[in-house]
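Participant: Generate a structure from the sequence data that follows.
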Amino acid sequence: MAISKNELEFNFNEDQMRLKISALERELATVALGGGKKRIEKLHEQGKLTARERIDLLLDPNTERIEIGALVGHGMYEEHGGCPSGGVVIVIGFVSGKQCIVVANDATVKAGAWFPITGKKNLRAQEIAIENRLPIIYLVDSAGVYLPLQDEIFPDKEHFGRIFRNNAVMSSMGIVQMAAVMGSCVAGGAYLPIMSDESLIVNKTGTIFLAGSYLVKAAVGESIDNETLGGATTHTEISGVCDYNVENDQECLKTIRDLMDKIGKPEDAGFDRKESVAPKEDPKNLYGILPADRNKQYDMKNIIRCLVDNSEFTEYKSDYGKSIICAYARVDGWSVGIVANQRKVVKNAKGEMQFGGVIYSDSADKAARFIMNCNQKNIPLVFLQDVTGFMVGSKSEHGGIIKDGAKMVNAQANSVVPKFTIVIGNSYGAGNYAMCGKAYDPRLIVGWPTAEIAVMGGAAAAKVLLQIEVATLKAKGEVITPEREKELYDTIKNRYDKQISPYYAASRLWIDAIIDPVETRKVISMGIQMASHKKAEKAYNVGVIQT
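Facilitator: Numbering: from 1, shown residues only. Purely as a prediction, here's the structure:
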């Protein structure tokens, strides 16, 4: 079925989406400079490559890749000079034909020091490796913890030390870990390469020590230079800490490629894949289908047609629970189960109108059963989010919306097949949870430039907050004129709108990336490919579900 479209509206939507994509590309171009051109030049003068140059040289040429957390730290730590990409670059890609995840410290950002968000981003990379048994390669060039913020990165469970705990856990799981010391590797960070399976160190630029020469002098009175204390010769000929002494960055990366070429094949989780077929509908039609006005309705099935192979899908319970679409399809040849919010107004079996983007009891019930079926059949799940929440009101409450919503949340939270979440538009309230938000362990979660993540929409939230603010001011004796009320509303709305932006979510790693909509197929396909490295460790069991 071909997509029908109003040309004028379609073209307007397309223009607005392209503007958002252009803005995204500008932000990513800025982020790619890390600490700036001068710091990049200084790094080159030292004979070192930047983090991104190292990754480009390491990965197989002309192969697909996904960058995780490129916009992490966006708008954060401005009083400390900023922290582009959290000071670390993380990419899922292919090295010698093996899919892996690469973690490279960006030494142009505060000498690669760890900010609080840096720790969160590194832990996310390890989480991806653990969930998917994905080999992980660390390209180390870091000054260690950023001392002005040490209390926010050093002592807690999800802080710096968790990295080394994860090194040990991954080793016990048989996950391949390689570390290349291509610059500084100090203090607690010195444990990372040694807790990896194999380690390399670059001559004259790589150093590893628990304390540098200045601290050694202060602590024990010994005078020694950093190279003698912990350089490549020391650690490959005397201490035996490192396995390979390489002459420069280029030789280091080539050696890693040679080592990766020799590792054994991963296990196969058994997900079904056939030859990939491009969608009949041009994926770029996604730009025009999604309304620029987020209050307008559209047919989510048209979005699906632009994403799935041959634009074909088999809809499950098509005449029941119409505010959620459940369908079997293929994406780049992979069999998938799709759970998507329907954004057009539909009628239920009783002829009652149901609002688009709202989850009703019948829809939640259908989705729960579909998720269970996909687990029964070992089919990965894809969630397409554009949800305003669950339906409220006496009729819904009396009908058991809480019970049915809990059933859906339970079914997907306990899923043992991998889940992938694409936030297309709204992701509000409990709808975020039911549709597999970040808290529910999607293997990857990404947003389009149109994504919004919050407890509720900006206008609704601003009205609620305005009522509270006005009541507080009146209690203090202030007279609130209509002009003053509008001023308060605008201030609150602007603040809230900033917080629901996809950039706000990406900066805090609530989503792994903001992507161009046409990259959605690639993200899903590469995600399933990495998930196929690991079989489910337990049978599917949803526990107690009320029916």
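
Participant: Report how many residues lie close to Leu57.
Facilitator: 16 (other CB atoms under 10 Å). Every C-beta, even on glycine, is put in place using the N, C-alpha and C of the backbone.

Participant: For it, give me phi and psi.
Facilitator: phi -80, psi -30 (degrees, to the nearest 10).

Participant: On the pLDDT front, check it for me.
Facilitator: Reported pLDDT at Leu57 in the predicted model: 98.

Participant: Identify the residues contacting it.
Facilitator: For Leu57, the contact set (CB atoms under 8 Å, 6 or more residues apart in numbering) comprises 49, 249-250, 253.

Participant: Check Asn426 too.
Facilitator: 294, 357, 385-388, 452, 457.

Participant: out of the contacts of Leu57, who has the most neighbours?
Facilitator: Busiest of these [other CB under 10 Å] is Leu253, holding 26 neighbours.

Participant: quick one: low-confidence ranges for the stretch 51-200 of the chain?
Facilitator: Scanning the stretch 51-200 of the chain for pLDDT under 70 picks out 188.

Participant: circling back to that earlier point, any idea which of the contacts of Leu57 is the one closest to Asp272?
Facilitator: Of all the contacts of Leu57, Leu253 has the smallest distance to Asp272: 35.4 Å, by CB to CB.

Participant: sorry, back to before: what would the contacts of Leu57 look like in TSV with distance to Pro155 and secondary structure?
Facilitator: Shown next, in TSV, are those (distance: CB to CB, whole Å; DSSP: H, G, I helix; E, B strand; the rest coil):
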residue	distance to Pro155	secondary structure
Leu49	33	coil
Asp249	34	helix
Gln250	38	helix
Leu253	34	helix
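
Participant: export those to CSV and tack on pLDDT and distance to Val523?
Facilitator: Listed next are the contacts of Leu57 as CSV, based on pLDDT from 0 to 100; distance: CB to CB, whole Å:
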residue, pLDDT, distance to Val523
Leu49, 97, 27
Asp249, 97, 29
Gln250, 98, 30
Leu253, 98, 26
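
Participant: follow-up on the earlier one: which ones among the contacts of Asn426 lie within strands?
Facilitator: 385-387, 452 (DSSP state E).

Participant: Going through those residues, which ones are buried?
Facilitator: With burial judged by 16 or more other CB atoms under 10 Å, the buried subset of the ones in strands among the contacts of Asn426 is 385-387, 452.

Participant: which one of the residues you listed is nearest Glu64?
Facilitator: Gln385 (23.4 Å).

Participant: need the longest helix for the protein.
Facilitator: Looking across the chain with DSSP state H, the single longest helix is helix 7-31.

Participant: C-terminal to that one, what's the next element?
Facilitator: helix 37-45 (DSSP states H and E).

Participant: can you tell me how far Gly457 sits from Lys486?
Facilitator: Taking CB to CB, to the nearest Å as the measure, Gly457 and Lys486 are separated by 19 Å.

Participant: neighbour count winner among these two?
Facilitator: For Gly457 versus Lys486, neighbours defined as other CB under 10 Å are more numerous around Gly457 (19 against 11).

Participant: Which residue, neighbours along the chain excluded, lies closest to that one?
Facilitator: Excluding the flanking residues, the one nearest Gly457 by CB to CB, 6 or more residues apart in numbering is Tyr428, at 6.2 Å.

Participant: tell me the contacts of that neighbour?
Facilitator: Here Tyr428 is in contact with 387-389, 452-457 (CB under 8 Å, 6+ apart).

Participant: sorry, back to before: what's the farthest-apart pair in the contacts of Asn426?
Facilitator: Every pair of the contacts of Asn426 checked by CB to CB; the farthest is Gln385 and Gly457, at 14.0 Å.

Participant: Tell me the pLDDT of the closest residue in space to Asp386 that isn't next to it in sequence.
Facilitator: Closest residue to Asp386 apart from its sequence neighbours, by CB to CB, 6+ apart: Gly425 at 3.7 Å. With respect to pLDDT, Gly425 has a value of 95.

Participant: helix/strand/coil for Gly425?
Facilitator: strand (DSSP: H, G, I helix; E, B strand; the rest coil).

Participant: For Met17, see how far away it is.
Facilitator: 12 Å.

Participant: quick one: common contacting residues for the two?
Facilitator: Both Gly425 and Met17 are contacted by 290, 450, under the criterion CB under 8 Å, 6+ apart.

Participant: and Ala367, that's in a strand?
Facilitator: No. Going by three-state DSSP, the assignment for Ala367 is helix, not a strand.

Participant: Going forward, the N-terminal residue is numbered 5.
Facilitator: That works, and once the first residue is 5, the last one we named lands at Ala371.
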